[in-house]
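Student: predicted model, plus sequence, below.
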Number of protein chains: 2
Amino acid sequence: MSMTDPSLKPRRRGRPPKQDGAYLDTRERLVRTGVAILTEKGFSAVGIEEILASAGVPKGSFYYYFGSKEEFGSTLIAAYAEYFARKLDRWFLDESRPPLQRLRDFVEDAKAGMARFDFRRGCLVGNLGQEMGTLPEPFREKLHLVFLDWQARTSSCLRAAQADGQIGTDLDCDHLAEFFWIGWEGAVLRAKLERSPAPLDAFSRGFFTALHLQA
Amino acid sequence: MSMTDPSLKPRRRGRPPKQDGAYLDTRERLVRTGVAILTEKGFSAVGIEEILASAGVPKGSFYYYFGSKEEFGSTLIAAYAEYFARKLDRWFLDESRPPLQRLRDFVEDAKAGMARFDFRRGCLVGNLGQEMGTLPEPFREKLHLVFLDWQARTSSCLRAAQADGQIGTDLDCDHLAEFFWIGWEGAVLRAKLERSPAPLDAFSRGFFTALHLQA
DNA sequence: ATTTTTATAGACGACCGGTCTATAAATACC
DNA sequence: GGTATTTATAGACCGGTCGTCTATAAAAAT
């Protein structure tokens, strides 16, 4: 850093970036729209043109913001993972509720989220996971890591439930969290297929019942 | 039926069908190849040309055997459902094993089946379910019915386990079977993503543990 | 005026999608 | 044998869309 006053605008040379503030900048809009569309239709079946059209962004712009469709996909995975991690934290770290209730809260929220879009949109990570047969190989590890992250947050919440005496201390929270996410993704898939919340309810009922039974 | 001797060949007019017997007839080969490829890559991402090439069937033939790609897809769903139902029966109706063991046997067999293809192929029905966002609408009901069929067969097996005293009579076998299939499909998806049997083991371990716990 | 950076417009070539028509092959009819 | 009939294949076809790239406009600093 030099001696020049940093509060004074040291404007860079060319045309300034948008940052209108009025409404979302173009790149952000592409990401949002991309996530929305991919959660419904997956990656391979969707062309960038569809996303561009839906976002109201001219085609020429795309390759200014992203190097390729693959890079765009990676960005979407990261954005979705981040968005979802925040969502999990919001529920799982809510100290005003008993830990196990927080997990139930999340389930209800997720269910409401799917209902809002008529059970047409699922989980981006689950969708792309299913598509791995035709996806760029680097996606695999990224998606896997996302699941591990979500599981870790869930496991934390379950351990809090143990500390509270809500579930037995003999249970292995990591295993339980893994079990939850394996099954939950199955439930989301099924809910999308049936266009109904029933599979989400069926799975969560089963899961919580199993949690409360004692060996 | 007329009076003519049915044992005498009442040959039809034109060129006779293949039925070489030597190797599978063309249509059958298309179905087999189609199932193999779709279990790996899904429906939308695969063109008929790829299937044709892999089956060694000339492109011109396709529309002789099937009216459209959609009709072909329906045929594949039906073929796979049938194939899988037989597989379930083979395990679930094996009287030489205790009922619950039959379910374990199925799980092991399915795991071995996935391992045989390096966890690259999943479940056709699960794959297409995930893709419903871009699939012909009539597929939805077909896929859903396939799950109901598999669940019914599973529920039967669980009731046999109740009759044998292997699991409590208070359990609702229909619910359990539904829970199993929701989660199992999630496990298959995850196993495909991770290219590993671990998710299948994690889910089945959790499921059987839950089964044996008493309220 | 020129330079530099930001952003858009739209052409582009290649490829592949599913479909259809024309033809070959094999047999029965006359 | 020639023709009708059925089975199966060959390969053209055209439209769409894919991802990319080049040319240019816009805005500000020099």
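Tutor: In hand now; what should we look at? Numbers count the residues shown, from 1 in each chain, chains lettered A, B, ... in the order given.

Student: helices along chain A, start to end?
Tutor: Residue ranges of the helices in chain A, as given by DSSP state H, are A:26-41, A:48-55, A:62-65, A:69-92, A:99-116, A:124-130, A:138-163, A:173-194, A:198-212.

Student: which elements pack onto the longest one?
Tutor: Same thing as helix A:138-163. Judged by 3 or more C-beta pairs under 8 Å, 6 or more residues apart in numbering or on different chains; DSSP states H and E, the packing partners of helix A:138-163 are helix A:69-92, helix A:99-116, helix A:124-130, helix A:173-194, helix B:173-194. Using the backbone N, CA and C atoms, a C-beta is placed for each residue, glycine as well.

Student: out of these, the one nearest DNA strand C is which?
Tutor: Judged by C-beta to the nearest atom of the strand, the one of these that comes nearest to DNA strand C is helix A:69-92, at 12.7 Å.

Student: okay, the angle between that closest one and helix A:99-116?
Tutor: Using axes from the mean of the first three to the mean of the last three C-alpha atoms, to 10 degrees, one finds that helix A:69-92 and helix A:99-116 are set 130 degrees apart in direction.

Student: if we can go back for a sec, out of the helices of chain A, which is the most enclosed?
Tutor: helix A:124-130 (a mean of 26; mean count of other C-beta atoms under 10 Å in any protein chain shown).

Student: what about that helix, near DNA strand D?
Tutor: No. Contact of helix A:124-130 with DNA strand D is not found when judged by C-beta under 7 Å from any atom of the strand; the minimum separation is 13.8 Å.

Student: isn't residue A:138 up against residue A:74?
Tutor: Yes. Here residue A:138 reaches residue A:74: they are 7.2 Å apart, a contact under C-beta atoms under 8 Å.

Student: re the thing from before, reformat the helices and strands packed on helix A:138-163 into JSON lines and put mean pLDDT and distance to residue A:34 next to each item.
Tutor: Converted to JSON lines, these look like this (pLDDT from 0 to 100; distance: least, C-beta to C-beta, whole Å):
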{"stretch": "helix A:69-92", "mean pLDDT": "95", "distance to residue A:34": "5"}
{"stretch": "helix A:99-116", "mean pLDDT": "98", "distance to residue A:34": "18"}
{"stretch": "helix A:124-130", "mean pLDDT": "95", "distance to residue A:34": "9"}
{"stretch": "helix A:173-194", "mean pLDDT": "98", "distance to residue A:34": "18"}
{"stretch": "helix B:173-194", "mean pLDDT": "98", "distance to residue A:34": "20"}
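
Student: next, format the ones you listed as TSV and append distance to DNA strand C.
Tutor: Putting these into TSV (distance: least, C-beta to the nearest atom of the strand, whole Å) gives the following:
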stretch	distance to DNA strand C
helix A:69-92	13
helix A:99-116	29
helix A:124-130	19
helix A:173-194	21
helix B:173-194	22
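
Student: next, the residue of chain A found nearest DNA strand D: phi, psi?
Tutor: Across chain A, no residue is closer to DNA strand D than residue A:47, which sits at 1.9 Å (C-beta to the nearest atom of the strand). With angles defined as degrees, to the nearest 10, residue A:47 sits at phi -90, psi 160.

Student: so it versus residue A:128, what's the distance?
Tutor: Computed as C-beta to C-beta, to the nearest Å, the residue A:47 to residue A:128 distance reads 16 Å.

Student: state the distance from the residue lying closest to residue A:33 once chain neighbours are set aside to residue A:124.
Tutor: For residue A:33, ignoring the flanking residues on the chain, the nearest one in space by C-beta to C-beta, 6 or more residues apart in numbering or on different chains is residue A:55 at 3.9 Å. For residue A:55, the distance to residue A:124 equals 16 Å [C-beta to C-beta].

Student: over to residue A:80?
Tutor: Looking at residue A:80 against residue A:124, where the rule is C-beta to C-beta, the gap reads 4 Å.

Student: what do the two both touch?
Tutor: Common neighbours of residue A:80 and residue A:124, using C-beta atoms under 8 Å, 6 or more residues apart in numbering or on different chains, are A:35, A:39.

Student: wait, does stretch A:29-46 contact DNA strand C?
Tutor: No. Contact of stretch A:29-46 with DNA strand C is not found when judged by C-beta under 7 Å from any atom of the strand; the minimum separation is 9.4 Å.

Student: with only the CA atoms kept, save that stretch in CSV.
Tutor: These are the backbone C-alpha positions of stretch A:29-46, laid out as CSV (Å, rounded to 0.1, in the frame of the first residue of the first chain):
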residue,chain,number,x,y,z
ARG,A,29,-28.5,-13.0,-12.0
LEU,A,30,-27.0,-15.8,-14.1
VAL,A,31,-26.0,-17.8,-11.1
ARG,A,32,-29.4,-17.4,-9.5
THR,A,33,-31.3,-18.3,-12.6
GLY,A,34,-28.8,-21.2,-13.3
VAL,A,35,-29.5,-22.7,-9.9
ALA,A,36,-33.2,-22.4,-10.3
ILE,A,37,-33.2,-24.1,-13.7
LEU,A,38,-30.7,-26.8,-12.9
THR,A,39,-32.5,-27.8,-9.7
GLU,A,40,-35.4,-28.6,-12.0
LYS,A,41,-33.8,-30.0,-15.1
GLY,A,42,-30.2,-30.9,-14.3
PHE,A,43,-27.1,-30.0,-16.1
SER,A,44,-26.9,-31.8,-19.4
ALA,A,45,-30.4,-31.2,-20.5
VAL,A,46,-30.2,-27.5,-20.1
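
Student: correct me, but residue A:161 touches residue A:104?
Tutor: No. The pair residue A:161 / residue A:104 is not scored as a contact, 10.9 Å apart, by C-beta under 8 Å.

Student: ok, the residue nearest to residue A:33 - contacts?
Tutor: Residues in contact with residue A:55 (C-beta under 8 Å, 6+ apart) are A:26, A:29, A:30, A:32, A:33, A:34.
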